[in-house]
Structures are given as C-alpha cells and as structure tokens.
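> no sequence for this one, just the structure:
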C-alpha cells in the first residue's frame, strides 16, 4: 500500500512538470575581442536564454563557426552547459583564432580588410551555427547568426 501511494505521488509530480516548451532565446551580449596579439585573437560572447520549464536540461554549442570580416577562421570551443529550471541564464561562447589563419587567406582582399580593421581598431565578428537544448529525450535547435562590429584591444 505504501509503495502504491509513493508511486501515485511520483506520477502526479512528474505529470505536473512542464517540459514541453523549449527555452526562449533572449539576447546576445558582450561580443568582444578579449585579446589580440601577433599570433592569436581570443573572442567571447554571452548568449542569454529563459527556461520556462519546471525541469532543467543541457545546452551544447557544438558546430558554431566564427567569421572575422566574412572569412571563416575557426569554431567555438564546445562545452555542455547545465540549464536551470524556471530561470534566465547565459552561456559563454569562446573561440581562439590563430592570426596566421586570418592572414594566410588573401582571397577577395581579406588581408586588406583585416589590416583596415587593425588600423580602425574594430573588427566584424560573426558567430554562425546552432545551439542544442536537450532534456528527457527532447531536443531543440537554436540557429545562431550574430554579427557585430567590436573594438580590438591591444
């Protein structure tokens, strides 16, 4: 009898939890070049979400490509992030871009664009790809296509 009561209570608790809504994409902030040196650019950004569900989950940022002045130069360092229940949260996107890769490809005047960016101390940074949310076997994709002109600190 005691097991039946516990099973019934557990069933009601699980049934009352909402997990049918995907977390809402809120905004992207703090897109910046953290470090610019002769051999590496370090980029970062924060992506904000709101989870309306009673349960959490996981976010993966695999497959997000980084472009500088319209030239693909690398990928976001992929990590899995816990999603809290009924909260707004953010995940950091970080990428290390070898400067050699940026300066090697000179198709269509890219090198001139990079040199212009260094002179003006601003660079066009684009994150393109998707972030995946998963919980209890459900999975949602968030397409990401963020473009910002950011200052270079060196």
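Alright, I've got the coordinates. Given the structure is predicted, the values throughout are model-derived calculations rather than measurements.

> can you pull the buried residues of the strand or helix carrying residue 47?
Element membership for residue 47, per DSSP states H and E: strand 40-51. Residues of strand 40-51 classed as buried: 41, 43, 44, 45, 47, 49, 51 (neighbour count, 16 or more other Cβ atoms under 10 Å). Just so you know, the C-beta spots here come from the backbone N, C-alpha and C atoms, and that holds for glycine as well.

> cool, stretch 65-75 as well?
So for stretch 65-75, counting by 16+ other Cβ under 10 Å, buried means 66, 67, 68, 69, 71, 73, 74, 75.

> Tell me the secondary structure at the residue nearest in space to the middle of the chain.
Computing the C-alpha centroid of the chain and ranking residues by Cα atoms, centre = their mean puts residue 93 first, at 4.6 Å. Secondary structure assignment for residue 93 (DSSP: H, G, I helix; E, B strand; the rest coil): strand.

> And the pLDDT at it?
As predicted, residue 93 sits at a pLDDT of 83.

> Over to residue 21?
Note on residue 21: pLDDT of 71.

> Wait, residue 40 touches residue 100, no?
No - with contact defined as Cβ atoms under 8 Å, residue 40 does not reach residue 100; the gap is 9.1 Å.

> SS state for residue 132?
Under the three-state scheme (three-state DSSP), residue 132 adopts strand.

> ok, what's across the strand from it?
Beta bridges link residue 132 to residue 60, residue 141, judged by DSSP bridges.
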